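Asker: got a predicted structure plus its sequence, pasted below:
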Amino acid sequence: MNVNDRGNKKWSAMMLPEHVVELKKLKKEVSLQQKPSIDEQQFQEFNFRLALAQKDNLCVEVKYFHSGSIKIVKGYVDMINYVDQFMVIEGIKLNPVEILDVIIT
């Protein structure tokens, strides 16, 4: 007896498109991380390093938390706005409370 088994193909038709969408959304939610806490002393140190990098035109590597994940941007500090509390590094607008680490390279 020769059986032609189609493997996973025969089971894929049992998934409704709505189920696939919900499963992808659930997988994304599970993979989200919690924002690590930064104390006031670290926050001040980050601000000092960023101001120094802007003043001396030094390259920085900034690790920041955005939308449930940790991201890294490397480049020069374009602008620091102390009134509205944001900075621009390589065209990316960052809120100071999102910053997790600053390394001057």
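Answerer: Nice, thanks for sending it over. Residues are numbered from 1 along each chain as shown.
Asker: surely residue 55 is within a helix?
Answerer: Yes: under DSSP: H, G, I helix; E, B strand; the rest coil, residue 55 sits within a helix.
Asker: residue 98 contacts residue 65, doesn't it?
Answerer: Yes: at 5.3 Å, residue 98 and residue 65 qualify as touching, with contact defined as Cβ atoms under 8 Å. Backbone N, C-alpha and C define where each C-beta goes, glycine included.
Asker: what residues does stretch 80-98 touch?
Answerer: Outside stretch 80-98, the residues that touch it by Cβ atoms under 8 Å, 6 or more residues apart in numbering are 38, 43, 46-47, 50-51, 54, 60, 62, 64-66, 73-79.
Asker: for the lengthiest strand in the chain, buried residues please.
Answerer: Looking only at the chain and at elements set by DSSP state E, the strand with the highest residue count is strand 69-81. Buried residues in strand 69-81, counted by 16 or more other Cβ atoms under 10 Å: 75, 77, 80.
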